[in-house]
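> The amino acid sequence is not available; the structure is as follows:
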């Protein structure tokens, strides 16, 4: 969506009489049931993102190197099992979830928007609902100078070698060697880097 399309989109939103009324109430600080409901939602979401933020994680034992750059709305869980090196970059909506095994991220690692590093899966054995089964956790290791593209997923038990690139939207189920470009579902080596 180009800048002109974005301007047109926001103009259409502001032309909506109901949104315009809410905007005026916010601007004039007038109370209304809609604003109270919106405020409750925003407070709840702000609390969630605060309790899953890098800053909160560091206070609770997450190890993070120098110069991290984390955009808004990145979620961390399993703080005490996450270790991140220097110069880490994470785009908005990334998700890094350690459960019972460590996630180690090297130096100069970049995650595109909405990339996910998921340290556990539900069990899927027959005879019981997946939510009733124990999660299966395994360590994840991401080497230095790795770039994981937007929307890519790294699943439990994976090691990504130093200097590799994972294409946007890929699902990494197996180890990726050093200095390669990998992509697809499941991710496969495409070429050397």
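Alright, I've got the coordinates. Since this is a predicted model, take the numbers as computed values, not measurements.
> Tell me how this structure divides into domains.
3-50, 64-192 (automatic domain parsing).
> Quick one: closest of those to residue 57.
For residue 57, the closest of the domains of the chain is domain 64-192, at 4.0 Å, according to C-beta to C-beta. All C-beta spots, glycine's among them, are computed from the backbone N, C-alpha and C.
> any idea how far that closest one is from the chain center?
From the chain centre to the centre of domain 64-192 is a distance of 9 Å (C-alpha atoms, centre = their mean, to the nearest Å).
> Need the mean per-residue confidence for that domain.
Mean pLDDT, domain 64-192: 95.
> Distance check, residue 175 against residue 131.
The gap separating residue 175 from residue 131 is 29 Å, by C-beta to C-beta, to the nearest Å.
> Looking at the two, which has the bigger crowd around it?
residue 175 (11 against 8; other C-beta atoms under 10 Å).
> Enumerate every residue touching the more buried one.
Residue 175 makes contacts with 158-161, as judged by C-beta atoms under 8 Å, 6 or more residues apart in numbering.
> likewise residue 187?
152, 166-167, 170-174, 176.
> tell me the contacts of the spatially most central residue of the chain?
Central residue of the chain (C-alpha atoms, centre = their mean): residue 94, 1.3 Å from the mean position. Counting by C-beta under 8 Å, 6+ apart, residue 94 touches 70-71, 74-75, 111, 113-116.
> Recalculate using a threshold of 7 Å.
Applying C-beta atoms under 7 Å, 6 or more residues apart in numbering to residue 94 gives the contacts 74, 111, 114-116.
> Can you tell me which of the contacts of residue 187 is nearest residue 186?
Nearest member of the contacts of residue 187 to residue 186, counting by C-beta to C-beta, is residue 173, at 4.4 Å.
> Surely that closest one and residue 186 touch.
Yes: in terms of C-beta atoms under 7 Å, residue 173 counts as a neighbour of residue 186; the distance is 4.4 Å.
> neighbour-wise, which of these two wins?
residue 173 (15 against 12).
> Just the buried ones from the contacts of residue 187?
Taking 16 or more other C-beta atoms under 10 Å as the criterion, what is buried in those is 152, 166-167, 170-172, 176.
> I'd like the residues you listed as CSV, with secondary structure appended.
Formatted as CSV, these follow (DSSP: H, G, I helix; E, B strand; the rest coil):
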residue, secondary structure
152, coil
166, strand
167, coil
170, coil
171, strand
172, strand
176, strand
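> Would you convert these into a markdown table that also reports distance to residue 90?
Listed next are those as a markdown table, based on distance: C-beta to C-beta, whole Å:
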| residue | distance to residue 90 |
| --- | --- |
| 152 | 12 |
| 166 | 14 |
| 167 | 17 |
| 170 | 17 |
| 171 | 18 |
| 172 | 16 |
| 176 | 19 |
